[in-house]
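In: Sequence and predicted structure are below.
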Amino acid sequence: MAKKELTDRFLKSIKPAKPGKRVIHMDTREPQLGVRVTEKSTPANVGSFVLVARFPSSPNPTARRIGDYPDMSLSEAREKAREWRALISKGIDPKTAAEAAKRAEERKRLDTFGAAWLVYAEERLSQLKSGPAVRRMVEHYALPTWGSIPLTELGPDDWQRIKGEATKKMPLAGANRLYANLRAFFRWRADNGHFNEPDPLARVKRPLKEKPRQRTLEPDEIRAVARAADLVGYPFGDLTRMLLLTGQRLREVAEAKWSEIDLAAKLWTIPETRMKGDAAHKIPLAEAVIDLLGALPVGERGPYIFSSTGGATPISGFSFGKRKIDAAAKIGKGWRFHDLRRTFRTGLGDLTVPTNVAELCIAHRQVGIHRVYDTGAYLPERRRAMELWARAIITMSDPGGASNVVNLRQDHSEPREFATS
């Protein structure tokens, strides 16, 4: 093996070895580094940089390839040679170290946010009713930016990047939902044994301090919406009237099935799989609701009560339906479908329905000491509350009964109406 200080000029001047021969030119500047030349050497591939050393896996000195010149520069080869000698001095075979590093990189790739998110979506979100909506939000706003980043490398600055993009496309309240969904993901990771992963949102505040929405409809607005519902008709008008009369959540009403309704018992049972609290909810139906359901068409293609596909699928396109109601109602301040639920609950209080009964009407759990000791269903009391509310709505909706509109905001001195219902 000839020895000479390797330079780019020298490497480019090297001639191919004789047929069947290999020549190693050792570098006098970097110990144990050489360039191996064969008969197949060309200007495009002069030869291979090698380290001649006794590797831990071999009892004798061996020339092991580091890289090819000129694809690998001379300076890179010298740096790699120093790294290999350092490993050998510790009894580590560079080949073994490279394989371990490759496996570590593979693990790192598998521990990216994108890979971990898919596991979370499969194992956790698939069990939640809100799972599809959460996936859509995170995969739209976070996954494109965070997907390839290892979880161990995520930090608060990464959150600022996606928050800025998210707030451009949705209200700050939407950024709050994104924040909450991501916090839930990182808590789930910690709960499942990934204690060493940092939570990039742990010391980050919510984008917006939200104020609870308090919008309720005034009696004249209730009258306008009820009349608009009659004008719009099936399915959106009748859906709106059902929301107003029962006080249930939009999806709970929109996805209702005929099999959940017992007309004879005047009872609607929403199964636990459709309830936010994961417990079945029984709703006594007022006569006005029974009349409403009795007048609805029964689809021949599926079980859903409110449908534009003959019952095959539940009603959708709520923004479109809301615009139709708004056009007919012509009321000023903006309102949402969920405001009908708040109006219902507020109205029960104005009609002196006891708090625990009113809360059970909208499937809220008992609070305080009632939650521990009072496990009654209060079905008779809830039925009276539903009837009382329905009569108030009918009175307000009657074009000829404007002078007899029940003032739901008046201060009742005693619960006479509820007690005598």
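Out: Everything's here; your move.
In: I'd like the distance between residue 183 and residue 392.
Out: For residue 183, the distance to residue 392 equals 42 Å [CB to CB, to the nearest Å]. C-beta coordinates here come from the backbone N, C-alpha and C atoms, glycine included.
In: Neighbour count: the two, which is higher?
Out: residue 392 (21 against 16; other CB atoms under 10 Å).
In: Contact partners for the residue lying closest to residue 397 once chain neighbours are set aside?
Out: Nearest residue to residue 397, sequence neighbours excluded (CB to CB, 6 or more residues apart in numbering): residue 226, at 4.0 Å. Contacts for residue 226 (CB atoms under 8 Å, 6 or more residues apart in numbering) come out as 241, 244, 393, 396-397.
In: And the residues you listed, which is closest to residue 94?
Out: residue 244 (75.0 Å; CB to CB).
In: Now do the same contact list for that closest one.
Out: 222, 225-226, 229, 340, 343-344, 393.
In: cutoff 6 Å now
Out: residue 340 (CB atoms under 6 Å, 6 or more residues apart in numbering).
In: Check the spatially closest residue to residue 161 that is not a sequence neighbour and give its pLDDT.
Out: In this structure, residue 161 finds its nearest non-sequential neighbour in residue 145, 5.9 Å apart by CB to CB, 6+ apart. For residue 145, the model assigns a pLDDT of 92.
In: what kind of secondary structure is residue 145 in?
Out: Assigned with DSSP: H, G, I helix; E, B strand; the rest coil, residue 145 falls in the helix class.
In: From the centroid of the chain, which residue is nearest?
Out: Geometric centre of the chain, nearest residue: residue 134, 2.1 Å, by CA atoms, centre = their mean.
In: wait, it sits on residue 181?
Out: Yes: under the criterion of CB atoms under 6 Å, residue 134 is in contact with residue 181, at a separation of 5.0 Å.
In: Residue 23 falls within a strand, correct?
Out: Yes: membership of residue 23 in a strand is supported by three-state DSSP.
In: Can you get me a residue count around it?
Out: 19.
In: Residue 9: helix or strand, and which one exactly?
Out: Residue 9 belongs to helix 8-13 when assigned by DSSP states H and E.
In: May I see the buried residues of that helix?
Out: Residues of helix 8-13 classed as buried by neighbour count (16 or more other CB atoms under 10 Å): residue 11.
In: for stretch 146-161, how far is the first residue from the last?
Out: One end of stretch 146-161 to the other measures 10 Å (CA to CA, to the nearest Å).
In: same deal with stretch 183-198?
Out: Rule used - CA to CA; the end-to-end distance of stretch 183-198 is 12 Å.
In: what do you get for stretch 297-309?
Out: Using CA to CA, one end of stretch 297-309 lies 12 Å from the other.
In: Test my guess that residue 97 contacts residue 87.
Out: Yes: between residue 97 and residue 87 a contact is recorded at 5.5 Å, counting by CB under 6 Å.
In: For stretch 301-316, list every residue counted as buried.
Out: Within stretch 301-316, the residues scored as buried using 16+ other CB under 10 Å are 304-308, 311, 314-315.
In: May I have the distance across that stretch, first residue to last?
Out: Taking CA to CA, the first and last residues of stretch 301-316 lie 16 Å apart.
In: From the chain's centroid, how far away is that stretch?
Out: Distance of stretch 301-316 from its chain centroid, counting by CA atoms, centre = their mean, to the nearest Å, is 27 Å.
In: For that stretch, which outside residues touch it?
Out: Residues outside stretch 301-316 that contact it (CB under 6 Å, 6+ apart): 235, 239, 254-259, 299-300.
In: what about burial for those residues, which qualify?
Out: Buried by 16+ other CB under 10 Å: 235, 239, 254-256, 299, out of those.
In: Using the record's assignment, carve this protein into domains.
Out: 2-102, 113-191, 219-419 (automatic domain parsing).
In: what about the strands in the protein?
Out: Assigned strands in the chain, in chain order: 2-3, 22-26, 33-38, 47-53, 62-69, 261-262, 267-270, 281-284 (criterion: DSSP state E).
In: and the third one, what does it pack onto?
Out: Spelled out, it's strand 33-38. Under the contact criterion of 3 or more CB pairs under 6 Å, 6 or more residues apart in numbering; DSSP states H and E, strand 33-38 touches strand 22-26, strand 47-53.
In: now the first one against strand 47-53, angle please.
Out: Yep, that's strand 22-26 we're talking about. 70 degrees (axes from the mean of the first three to the mean of the last three CA atoms, to 10 degrees).
In: circling back to that earlier point, ok, of the domains of the chain, where does mean pLDDT dip lowest?
Out: Among the domains of the chain, domain 219-419 carries the lowest mean pLDDT (a mean of 86).
In: Tell me how far that domain lies from the chain's centre.
Out: Counting by CA atoms, centre = their mean, domain 219-419 comes out at 29 Å from the chain centroid.
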